[in-house]
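A.B. asks: Give me a model of this one.
(chains A and B, ligands or ions: 2)
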Amino acid sequence: MISLQGITKRFGNQVVFSDIDLTLSKGEIIVIIGPSGTGKSTLLRCINFLEKPDSGRLKIGNLSVDTQRATRSDILALRRRTAFVFQNYGLFANKTALENISEGMIVVDKLPKAQAYARAREILERIGLADKADAYPASLSGGQQQRVGIGRAMAANADVILFDEPTSSLDPQWVEEVLSLMKQLALEHQTMIVVTHEMQFAREVADRVVFMDQGGIVEQAPPEELFTVPKDERTRHFLRKILAPTGQTVP
Amino acid sequence: MLNLEYMWELLPVLLRYLPLTIQMATIAMFFALILACLLAVVRVSQVPFLNGFALLFISFFRGTPLLVQLFLFYYGLPQLISALISMTGVTAAVLGLTLHFSAYMAESIRAAIVGIDRSQTEAALSIGMTQSQLMRRIILPQATRVATPTLMNYFIDMIKATSLAFTLGVTELMGATQKEAAGSFLYLEAFLLVALIYWVVVEVLSWGQRRLEIYLNRAYQR
Ligand SMILES: Nc1ncnc2c1ncn2[C@@H]1O[C@H](COP(=O)(O)OP(=O)(O)O)[C@@H](O)[C@H]1O
Ligand SMILES: [Mg+2]
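C.D. replies: Ligands and ions are numbered 1, 2, ... in the order given. Got it, this is the predicted structure:
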C-alpha cells in the first residue's frame, strides 16, 4: 500500500542513506528509532519531497513516482497523500487553530469554507481543543500547538501521517497529551510512520520498529522482538544507551 | 519679529498645494509597494537572471542620491529617448520616488520574509500548497505585519521627499512656498510655515502608524 523502493539521498557527496526499501500496509504503524544524524528526518522528508531523493521509487496507493523524474504534479500528488507532523509544530502564526486545520481543506482540497470549518471543528473536538478554535498559536501551550499540528495532519485525510520527533521539543509536562492523541489515532488504524525517542510509545503502539544507523536501515522487527532480542550489535548498543537511564529492560 | 499676520494669510494659499504633495506620495507609494514586493520575492526565491537584475536595481537606487535620480529622469533621459520629452515634472517625480523607495522597501520586505521561520514554509508545502499559495496566504500576510512600521516610515520619508519635485519645476507645497517667499521676501515666515505643515502631516501619519501596528499585532498577543 505504501512502499519505498531503493530510495537514496545524498547531501553533496555525503550519502545519508542508499537503496532504502520499506513497505507498510494500510493501518500499519511503524516507529523509526536510531541515533541522531543517521537520516531519520531526511527519510521522512523524502517521502513527501521536502527533500528530493536522488533515486528510487515511491508508491502510495495507486500513485507511483520515480523520484528522479518526478514532475511538479507528482510532487503535489505525493504531498496530498501524506501529511507531516513537525518537531517544531510549524503552525501558521497568522491563523487561528481552526484556520490552521481548515487551511489545507480550503486551499488544497478546494472545499467550500463552511464545510471545511465544520470538519475542522470536528477535528478540534477530537483533539480536545474545541474551546481553542479561535486561539492563535502564540497563545497555546506547546502541547496544544502540537495537537493542532496533528489536527492539521488529520484534516489532510492522508494515506499516511509522518511524525518527525513530535514530542522532542515539548516541555515534559506536555509530552503525554500528545502521545495519547497519537495512540488514539493508532486505535483508529491511521497508517503512520513515527520517528521518536519515546521507546515506551514504540513498545505499546508500533506494529514494527525500524532501527536506522549510518547509511540506512539496520534491522526491523515487531517491538517485542526488537527490544528483547535485537539481532545486530549496533541495535543492542543503541538500545542499551537509550534504555538504561529510563530503567527499562536492556537487551 | 515674525509677521504672524502674513503667515496666517499664507496658510490657506499653501494648503491648496498639499493635495498634490499627498497625491504624489500616495501614487508613488502604491507603485513602490508593488515593485518592492516583486523585487523581494525575486530576491527570496532567487529567480535566475531576475535576481541579478533585482540586485543591480536595488544597488543603484540605494547607492545614488534621490535628487540625482530625479534630474536623470527629467533632464537626462529625454535626451536619449525623445518620447520622454513630453513627460511632466510630476510624472518624473512620481517615477523617481517610486523607483528610489521601492529599492529600500524591497530590502525591508525581503528581511521580513526571510525572518518568518522556515517550518511554516515546510508545513504549507507538506499539505500540498503551491509556492504562490504559500506566498499569498502564509508568508506575505506575516511579512506585511513585520514590515509595516518600516514601510510607514518610508511613506513619511516620501512625503518629505516630494519637496524635491520643485527642482523639476513642479509647483507643489515646497514650490509654492518658494514662489510666495520670493514675492514677499518674508523667507523666514514662509519656510517656517511650510515646515510646520510638513510636521503636522507627518505627526498625523505617525499616529495612524501606531494605530495600524496595534491592529496588525492583535493576532499575536499571548
Ligand atoms: N539540508 C541539509 N543539508 C546538508 N546536510 C543535511 C541537511 N539535512 C540533514 N543533513 C545531514 O544529513 C544527515 C542526516 O540528518 P537527519 O536526517 O536530520 O538525521 P536524524 O533525523 O536521524 O537526526 C546529518 O548528517 C545531517 O547533518
Ligand atoms: Mg531528526
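
A.B. asks: remind me which residues of chain B are low pLDDT?
C.D. replies: Along chain B, segments meeting pLDDT under 70 span B:219-222.

A.B. asks: Please state the backbone phi and psi of the closest residue in space to residue A:70 that isn't next to it in sequence?
C.D. replies: Of all residues beyond its chain neighbours, the one nearest residue A:70 is residue A:49 (6.9 Å), with distances taken as Cβ to Cβ, 6 or more residues apart in numbering or on different chains. Bear in mind the C-beta positions are built from the backbone N, C-alpha and C, glycine included. Main-chain torsions, residue A:49, degrees, to the nearest 10: phi 70, psi 20.

A.B. asks: So residue A:49 versus ligand 1, what's the distance?
C.D. replies: 13 Å (Cβ to the nearest ligand atom, to the nearest Å).

A.B. asks: How about the contacts made by that residue?
C.D. replies: Going by Cβ atoms under 8 Å, 6 or more residues apart in numbering or on different chains, residue A:49 touches A:70, A:75, A:78, A:79.

A.B. asks: neighbours around the one residue in chain B that gets nearest to chain A, how many?
C.D. replies: With Cβ to the nearest Cβ, the shortest gap between chain B and chain A falls at residue B:123, namely 3.3 Å. Residues near residue B:123, counting by other Cβ atoms under 10 Å in any protein chain shown, number 28.

A.B. asks: so it sits right up against residue A:91, yeah?
C.D. replies: Yes - the pair residue B:123 / residue A:91 is scored as a contact, 7.2 Å apart, by Cβ atoms under 8 Å.

A.B. asks: helices or strands up against the lengthiest helix in chain B?
C.D. replies: In terms of residue count, the longest helix belonging to chain B (DSSP state H) is helix B:187-216. Here helix B:187-216 touches helix B:4-15, helix B:18-45, helix B:140-161, helix B:173-184, going by 3 or more Cβ pairs under 8 Å, 6 or more residues apart in numbering or on different chains; DSSP states H and E.

A.B. asks: what's the offset of the second one from the middle of its chain?
C.D. replies: It stands for helix B:18-45. 6 Å (Cα atoms, centre = their mean, to the nearest Å).

A.B. asks: cool, and stretch A:103-112?
C.D. replies: 22 Å.

A.B. asks: cool, and stretch A:172-180?
C.D. replies: With Cα atoms, centre = their mean, you get 16 Å for stretch A:172-180.

A.B. asks: who's in contact with that stretch?
C.D. replies: For stretch A:172-180, contacts defined as Cβ under 8 Å, 6+ apart pick out A:128, A:141-144, A:146-147, A:150, A:166-167, A:170, A:198, A:201.

A.B. asks: Would you mind naming what in the stretch 1-150 of chain A lies close to chain B?
C.D. replies: Proximity of the stretch 1-150 of chain A to chain B, by Cβ under 8 Å from any Cβ of the partner chain, involves residues A:48, A:50, A:76, A:79-80, A:82-84, A:86, A:88-95, A:103-104, A:107-108, A:136, A:138-139, A:149.

A.B. asks: From those, keep the buried residues only.
C.D. replies: For the residues of the stretch 1-150 of chain A next to chain B, a burial check counting by 16 or more other Cβ atoms under 10 Å in any protein chain shown picks out A:48, A:50, A:76, A:79-80, A:82-84, A:86, A:88-95, A:103-104, A:107-108, A:136, A:139, A:149.

A.B. asks: For chain B, give me its nearest residue in the stretch 151-251 of chain A.
C.D. replies: Counting by Cβ to the nearest Cβ, the stretch 151-251 of chain A gets nearest chain B through residue A:156, at 5.6 Å.

A.B. asks: How about chain A?
C.D. replies: At 3.3 Å from chain B, residue A:90 is the closest residue in chain A, using Cβ to the nearest Cβ.

A.B. asks: Please name the spatially closest residue to that residue (chain neighbours excluded).
C.D. replies: residue B:123 (3.3 Å).

A.B. asks: Check which helix or strand that neighbour maps to.
C.D. replies: helix B:118-126 (DSSP states H and E).

A.B. asks: Would you mind listing the buried residues in that helix?
C.D. replies: Going by 16+ other Cβ under 10 Å, helix B:118-126 has these buried residues: B:119, B:120, B:121, B:122, B:123, B:124, B:125, B:126.
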